[in-house]
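Asker: Sharing a model prediction with you, sequence too.
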Amino acid sequence: MKQTPIGHRRWLFPVALSAILAGSGLWFGVADGPLPTADAPASVAGTKSPLPSPPKNPSSAGTPPVEADARPDIGTTPASLGPNPFAQSLEGTDIDGALKANEDGQLVINLQVRDFFDYFLSTVGEVSPETAIRQIEQMARSHLPEPASGQALALLDQYLAYKQASLAVMQTSLDPARRGDPDYQVAALGDALAQLKALRQSTFDSNVHQAFFGLEEAYSEYTLATLAIQQRNDLSEQGKQALVEWHRNQLPKALKTTEQRLHASTRQQQARVSAINSASSPDIAGQQLRELGLDPDGAESVVNYLKHRERFDERFKTFQETLSRESSSGLATQDLATQREELLQQYFPDQQDRTWARLKLLDKT
């Protein structure tokens, strides 16, 4: 049975919201960064309490709810707060997500609803939690018909309750004695993911859970499986790659396409780095980069950079030899420091080169 929100629960979270807003994703960060947006629409007519039930219609009793993307929207929140938003950080931005109602006046459940909540709640700290929540309520009541507006606010109550309860999971600390153990780290990540997933299942109806967190959980589980595979000692590198690829193919389509593209890009970048490392000269590195698909201008810029670094290395070697002679000449410490600065200016008139030289000197100490 889903948690039943108390009336006006949304006004009871100022302290909790301030503490947990940064933790809207998994605390351990396996799903950090933007995920591809993929709606999972469904009519609220199929949800369980506490979302308000739609009016009963004898002619449609027992009929499965129609998916929201098959029905036109009759109400939606605007794309922008205008030139004077309630929080300065939102100035010049479009609203992430949206609240929509279908032709039956039911709230459309998809990832955009969660994005919409998070857009406003992200301002907590800049404004009070009450102010941010009041803005969501005003938007829902101003732009959605009933029962969609009431459903949106009931869902907001659930979301706030979830964020408050998830604080305990996100604050779980690792055993200091085992922090460096990779197996323990993966197990801790898995436990946190399982706890959050169970909390979401107990807080939200299944279609809300899937719409709000389905992609995030799928990617988190994929990442967790990948980490576990990489730590296996009984698998060859080819075996590991095959299993990771298998897990990648299990991802939802939107995630799989993005992950495959990122993986291909990573492999390409690794090949290019390898070409630079193995090349016997900058010009050969440039040739190999062009063969690997880098555009001529990009390859030429790499060649120029590598040649510049070669000249820098030659100057630094001469600088070190000169500095070494000065050090052995019996100069006082203060005089030697002054001489080193003069030599740095002489051999490295460019500020960036001089910074590199200082860093290399630190490496030598």
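Answerer: Everything's here; your move. What you see is a predicted model, and the numbers here were worked out from it, not measured in a lab.

Asker: now the longest helix seen in the chain, how far from the centre of its chain.
Answerer: In the chain, taking DSSP state H as the definition, the longest helix is helix 296-327. On the basis of C-alpha atoms, centre = their mean, to the nearest Å, helix 296-327 sits 38 Å off its chain's mean C-alpha point.

Asker: Point to the helix or strand of this structure where mean pLDDT is at its lowest.
Answerer: None of the helices or strands of the chain scores lower by mean pLDDT, DSSP states H and E than helix 14-20, at a mean of 40.

Asker: before we move on, back to that, so what secondary structure elements neighbour the longest helix of the chain?
Answerer: Helix 296-327 sits against helix 282-291, helix 333-347, helix 351-364, with contacts defined as 3 or more C-beta pairs under 8 Å, 6 or more residues apart in numbering; DSSP states H and E. All C-beta atoms are positioned from the backbone trio N, CA, C, and that covers glycine.

Asker: now for those, which one comes closest to Arg272?
Answerer: Smallest distance to Arg272 across the helices and strands packed on helix 296-327 (C-beta to C-beta): 5.8 Å, for helix 282-291.

Asker: now that closest one, how far from the centre of its chain.
Answerer: Its chain's C-alpha centre and that of helix 282-291 lie 34 Å apart, by C-alpha atoms, centre = their mean.

Asker: tilt between it and helix 296-327?
Answerer: Using axes from the mean of the first three to the mean of the last three C-alpha atoms, to 10 degrees, the direction of helix 282-291 lies 150 degrees away from that of helix 296-327.

Asker: Sort out which residues of helix 282-291 are buried, please.
Answerer: 282, 285-286, 288-290 (16 or more other C-beta atoms under 10 Å).

Asker: wait, what's in contact with Asp175?
Answerer: Shown in contact with Asp175 (C-beta atoms under 8 Å, 6 or more residues apart in numbering): Tyr184.

Asker: And it, its phi and psi?
Answerer: The phi and psi values for Asp175, taken as degrees, to the nearest 10, are phi -70, psi 120.

Asker: just checking, Gln268 touches Leu294?
Answerer: No: the criterion here is C-beta atoms under 8 Å, and Gln268 misses it with Leu294 at 9.1 Å.

Asker: Who has more neighbours out of these two?
Answerer: Leu294 (18 against 13; other C-beta atoms under 10 Å).

Asker: Do a quick rundown of the strands in the chain.
Answerer: 73-76, 100-102 (DSSP state E).

Asker: show me where pLDDT drops low in this structure?
Answerer: Scanning the chain for pLDDT under 70 picks out 1-74, 330-331, 363-365.

Asker: for the closest residue in space to Leu99 that isn't next to it in sequence, phi and psi?
Answerer: In space, and not counting its chain neighbours, Leu99 is closest to Thr77: 4.7 Å by C-beta to C-beta, 6 or more residues apart in numbering. Main-chain torsions, Thr77, degrees, to the nearest 10: phi -70, psi 150.

Asker: What distance do you get for Thr77 to Gln138?
Answerer: 10 Å (C-beta to C-beta, to the nearest Å).

Asker: Leu227: how many residues sit nearby?
Answerer: Leu227, neighbours per other C-beta under 10 Å, totals 15.

Asker: Would you agree it is in contact with Ala187?
Answerer: No: Leu227 is not in contact with Ala187 according to C-beta under 8 Å; the separation is 10.5 Å.

Asker: just the helices in the stretch 151-300 of the chain please.
Answerer: Assignment of helices within the stretch 151-300 of the chain using DSSP state H, counting those that start in this stretch yields the ranges 182-203, 206-230, 237-249, 253-278, 282-291, 296-327.

Asker: And these: which comes nearest Ser149?
Answerer: Taking C-beta to C-beta, helix 206-230 is the member of those nearest to Ser149, at 16.6 Å.

Asker: Give the buried residues for the closest one.
Answerer: Buried residues in helix 206-230, defined by neighbour count with 16+ other C-beta under 10 Å: 207-226, 228-229.

Asker: and it, what does it pack onto?
Answerer: helix 111-121, helix 148-170, helix 182-203, helix 237-249, helix 253-278.

Asker: now the first one and helix 206-230, what's the angle there?
Answerer: Yep, that's helix 111-121 we're talking about. Orientation of helix 111-121 against helix 206-230 (the same axes, to 10 degrees) gives an angle of 90 degrees.
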